[in-house]
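Below are the sequence and a predicted model; questions follow.
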Amino acid sequence: MEEKKMTKKDYYTLIKEMVEKIDIEGKNELIEFVDKQISQIEAKAEKAKIRATEKQKAGDELRDRVKSILTDELQTADDITAQIGDENITKAKIIARLTQLVKFGEAEKDDVKTQDGRNVKAYKIKSE
């Protein structure tokens with residue numbers, strides 16, 4: 001069985017338990033300090049959870065936008081990025097969402113040859 005790695009919160013909780021059992025000068029201040037540290041760690045974790053949810057939500061919205069652009073015709077990532085028309089959304093973000101759609105079975109990927117002879121990936125909506 002693998003041992004659980006101790007976190008900062010675990011260490012502070014352990015310190016608090018040890019301090020509560022002994023009688024030293026400044027005991028109350030030390031306990032207050034440890035409580036403050038634990039609450040800061042919890043607040044930071046909660047904020048991180050909220051940010052992650054917002055990021056995921058934004059990613060889902062972009063994936064839906066990309067999916068709505070896909071047709072029965074093969075389109076390159078450059079074509080799809082141009083259709084999105086938002087300079088803050090990079091080609092890499094579009095390709096990531098296209099890859100997700102392919103993994104979820106909602107899109108298909110194939111190789112196409114460009115006019116200059118390069119082979120690039122192209123995507124289309126999955127046909128039923």
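Cool, got the structure.

Please enumerate the strands of this structure.
Secondary structure of the chain, counting by DSSP state E: strands at 75-76, 107-113, 119-125.

Can you tell me which helices and strands the longest helix anywhere in the chain packs against?
Longest helix in the chain by number of residues, with DSSP state H as the criterion: helix 27-69. Packed against helix 27-69 by the contact rule (3 or more Cβ pairs under 8 Å, 6 or more residues apart in numbering; DSSP states H and E) you find helix 8-21, helix 77-84, helix 91-103. To be clear about C-beta, it is placed using only N, CA and C from the backbone, and glycine gets the same treatment.

Lys9 and Glu42 touch, don't they?
Yes. The pair Lys9 and Glu42 qualifies as a contact (Cβ atoms under 8 Å) at a distance of 7.3 Å.

Between the two, point out the one with more neighbours.
When Lys9 is set against Glu42 and neighbours are counted by other Cβ atoms under 10 Å, the residue ahead is Lys9, at 15 against 11.

Who are the contact partners of the more buried one?
Remark: with contacts taken as Cβ atoms under 8 Å, 6 or more residues apart in numbering, Lys9 is in contact with Ile38, Ile41, Glu42.

Repeat the analysis, applying 7 Å as the threshold.
For Lys9, the contact set (Cβ atoms under 7 Å, 6 or more residues apart in numbering) comprises Ile38, Ile41.
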